[in-house]
Every structure is written in structure tokens, then in C-alpha cells.
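Trainee: Based on what follows, work out the 3D shape:
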Amino acid sequence: MKKLPLVLLLTCSTMLIACSGEKINAHSDKTAYRSVKMIKNRLQPEIRVEYEMSFWMIRDANKDDAAFLAAVDGKKAVEIIGMGKEIYQKRKTEGFAEYQQYKTWEEMMAKYDRDRLDQGKSKSDIKEKISDPTSGNRDVIYSM
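Mentor: You can find the predicted model right below:
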């Protein structure tokens, strides 16, 4: 009976440590990048690119390593995406050339999603898919 409180304490401690994986651990560059990768792999596919782009926007906005690590330490995915949106809006109003081609954050993320899907494909495959509206239905099903 005296061991039961100890076992409960160890179990609770283990659970707390295991559940803390949803926040970025930015004690060093290495741990920050490792945390971001683990969190990204656990996210829903719809927001992975948005999360990753936001993280790199924060990195680009904070050139100093200490400032960058302080900015992302202990942040959840939703907070990182929010920070990315703020940086996008700030840079867009300041006239940042790369962001002027997009009307909204969502439009920019949609473009990056398409780019991510097209990675590894040849340019001729991508052009053919865009120019041929029936390219999505090229399967032939035979009934036997």
C-alpha cells in the first residue's frame, strides 16, 4: 500500500511529460527544430503547411538567435500560425514585394499548398494537368 502513492506520482509525472509535446521547446536551435518537426507531424494535413510557413516567417523576422528562440519558446501550433499571420500582414502593409502578389493570407497558403503537392513532378506534367481539364479522369475501368 505504501508503494501506491509512489506509483501514482510516477504515472502522473510521465503523463505530464508525454503530453507537453504540443509546445515548442526552444532552449536551443536544435531542440526548437526538433519540436517543430514533431508537432508538424502530429497536425492535421490541412494546417501543416500553414504551421511550417508561419514558423519560418518568425525565423526570418527574428534574425538574432536569442530573439527567435524567445519568440517561439512554449508556443502551440495555433499561436505560431497567429504570429505568422501578424508578420504577413505587417510586411504586406510595409510593401514587402513577395507578399504583394497575394490578396490574403489564405490565398498565399493555397499557393504554397499547390506548390507542395507539385514537388517532385516534372514541369511538363504540371502544365499538362493545368491545360487539359479532363486530365483528372484518365482511368479506364473495364468490367469483366
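Trainee: Who's the closest spatial neighbour of Tyr112, skipping the chain neighbours?
Mentor: Leaving aside its chain neighbours, Tyr112 sits nearest to Val49 (5.4 Å; criterion: Cβ to Cβ, 6 or more residues apart in numbering). C-beta: built from backbone N, CA, C; applies to glycine.
Trainee: Ile39 versus Ala77, what's the distance?
Mentor: Per Cβ to Cβ, to the nearest Å, Ala77 is found 6 Å from Ile39.
Trainee: what do the two both touch?
Mentor: Residues touching both Ala77 and Ile39 by Cβ atoms under 8 Å, 6 or more residues apart in numbering: 22, 51.
Trainee: All the helices of this protein, in order from the start?
Mentor: Secondary structure of the chain (DSSP state H): helices located at 3-19, 29-42, 45-61, 65-72, 77-94, 105-118, 123-131.
Trainee: okay if I get the ones you listed as CSV plus mean pLDDT and mean neighbour count?
Mentor: Formatted as CSV, those follow (pLDDT from 0 to 100; neighbours: other Cβ atoms under 10 Å):
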stretch, mean pLDDT, mean neighbour count
helix 3-19, 51, 9
helix 29-42, 93, 15
helix 45-61, 92, 17
helix 65-72, 94, 15
helix 77-94, 94, 16
helix 105-118, 87, 14
helix 123-131, 55, 10
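Trainee: Verify the stated contact: the residue nearest to Tyr112 with Met109.
Mentor: Yes - when contacts are counted by Cβ atoms under 8 Å, Val49 is listed as touching Met109 (6.4 Å).
Trainee: Just list the residues touching the residue nearest to Met109 when sequence neighbours are not counted, thanks.
Mentor: Closest residue to Met109 apart from its sequence neighbours, by Cβ to Cβ, 6+ apart: Glu50 at 5.1 Å. By Cβ under 8 Å, 6+ apart, the contact set of Glu50 is 81, 84, 109.
Trainee: Please name the residues that touch the residue nearest to Arg91 when sequence neighbours are not counted.
Mentor: Leaving aside its sequence neighbours, Arg91 sits nearest to Tyr99 (Cβ to Cβ, 6+ apart; 5.5 Å). By Cβ under 8 Å, 6+ apart, Tyr99 lies in contact with 88, 91-92, 108.
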